[in-house]
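Asks: Fold the following, please.
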Amino acid sequence: MSVVKNKIYSIQQNFERENIAYSASSLRDALLGKDKTQKMLLEIFQEHNDKVESLIGKDFATGTAERYRTCKKHVAAFVKQKYNKNDIPVQDVDHKFITGLEYYLKTTRKCAHNSAIKYITNFKKIIRIAHANDWIDKDPFLHWKGKLKIVEREFLTEEEIQKIIDLHLKMERLDQVRDIFIFCCFTGLAYADVKKLNRGDISVGADGEEWVKTKRSKTDTRSNIPILPIAKTIIEKYKDNELLKEKDLVLPVLSNQKMNAYIKEIANLAGISKNLTFHLARHTFATTVTLTNGVPIESVSKMLGHTNLKTTQHYAKILDMKVSKDMAILRSKFK
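Replies: Predicted structure coming up:
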């Protein structure tokens with residue numbers, strides 16, 4: 001009997017040394033050798049993240065890997081706060097854990113509703129891996145429903161775009177950022193895609209006009225975008241830039257942080273009170289440049305490289321403005 005007792009004490013000390021939560025049943029399982037398949041939550045998460053990292057550029061974008069890294073940090077911090085442990089067995093994740101994590105993200109981490117839901121959805125994949133491998137008996141996400149709130153996306157009007165174009169900017173850095181921002185307003189390219197845009201991505205289409213043909217960094221889907229005159233003018237402006245020639249790039253794109261800081265400076269100079277971000281150029285392309293001018297939503301979706309038409313339909317409220325404009329013309333005719 002003393003031998004068994006000593007073994008139990010030894011197992012208990014090992015759990016405490018490893019900072020692992022334990023119970024009477026987990027001590028029993030360890031004693032009987034039934035704990036061999038017990039997997040730790042953050043250990044599984046790290047294994048998953050390592051695989052994602054190794055597949056960047058093949059199956060995953062850099063942004064996806066970054067999102068999973070951040071998600072793991074949030075889960076680790078929540079585990080530390082809730083259990084005062086460095087890790088917990090994946091079996092301990094239940095519905096209460098998930099709702100607690102969501103609350104933690106919204107309060108302690110100050111995440112907006114949609115950001116919190118996206119992190120929980122990333123975490124859900126880790127739990128599904130555990131379930132598929134029989135490391136847990138049931139899926140704790142079975143009764144969890146995460147619904148994203150529809151966000152009103154800001155965009156620039158034609159008048160605001162013109163204000164930015166008309167600005168006389170003496171500082172080269174602001175002039176370049178303005179050019180790249182306007183280029184994205186007329187192509188719909190996201191920051192990551194315009195940064196990597198190379199000369200080989202521009203080719204002549206069947207219509208004899210130049211097109212941007214590139215794969216989106218985020219989703220790896222192809223975007224084919226006809227180059228409008230203003231975008232062509234901007235490309236021409238930088239075609240003889242020696243540094244860009246060496247790197248085979250089209251435009252001199254700075255870091256995302258700098259681009260966002262400078263575009264706010266430009267907005268201030270143009271007298272635009274909206275909270276300008278670089279990504280707002282993509283929204284402007286989807287709304288003011290295309291949908292408002294009668295381009296079918298299916299075509300806009302393809303140019304944006306969306307994998308789902310529902311994503312593009314977030315911009316469809318602009319169609320109400322288009323209908324309003326068209327009806328105003330009709331109304332004036334009847335007058």
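Asks: Tell me who's in contact with T288.
Replies: 155-158, 161, 185, 318 (CB atoms under 8 Å, 6 or more residues apart in numbering). Where you see a C-beta, it was placed from the backbone N, CA and C, and this is true even at glycine.
Asks: Now do it, the pLDDT please.
Replies: Looking at T288, its pLDDT reads 87.
Asks: got it, and L174?
Replies: 93.
Asks: That one contacts Y262, doesn't it?
Replies: Yes - L174 is within contact range of Y262, at 5.8 Å (criterion: CB atoms under 8 Å).
Asks: related to what we said a few turns ago, of the contacts of T288, buried ones?
Replies: 155-156, 161, 185, 318 (16 or more other CB atoms under 10 Å).
Asks: all helices of the stretch 51-200 of the chain, in order?
Replies: Secondary structure of the stretch 51-200 of the chain (DSSP state H, counting those that start in this stretch): helices located at 62-83, 95-107, 113-132, 158-166, 172-185, 191-195.
Asks: Can you tell me which of those is nearest to L55?
Replies: helix 62-83 (8.6 Å; CB to CB).
Asks: in the closest one, what counts as buried?
Replies: 64-65, 67-68, 71-72, 74-76, 78-79.
Asks: Nearest to A206 among those?
Replies: T64 (33.3 Å).
Asks: separation between the spatially closest residue to the closest one that is not a sequence neighbour and N122?
Replies: With sequence-adjacent residues excluded and distances taken as CB to CB, 6 or more residues apart in numbering, T64 is closest to V52, at 6.6 Å. According to CB to CB, to the nearest Å, V52 and N122 sit 10 Å apart.
Asks: who touches both of these two?
Replies: With CB under 8 Å, 6+ apart as the test, V52 and N122 both reach Y68.
Asks: isn't Y315 right up against R282?
Replies: No - if you go by CB under 8 Å, Y315 and R282 don't touch, sitting 10.0 Å apart.
Asks: Where do the domain boundaries of the chain fall?
Replies: Domains of the chain are assigned by automatic domain parsing as 37-132, 158-334.
Asks: Distance to A21 added to those, as a markdown table?
Replies: Below are the domains of the chain laid out as a markdown table (distance: least, CB to CB, whole Å):
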| stretch | distance to A21 |
| --- | --- |
| domain 37-132 | 5 |
| domain 158-334 | 37 |
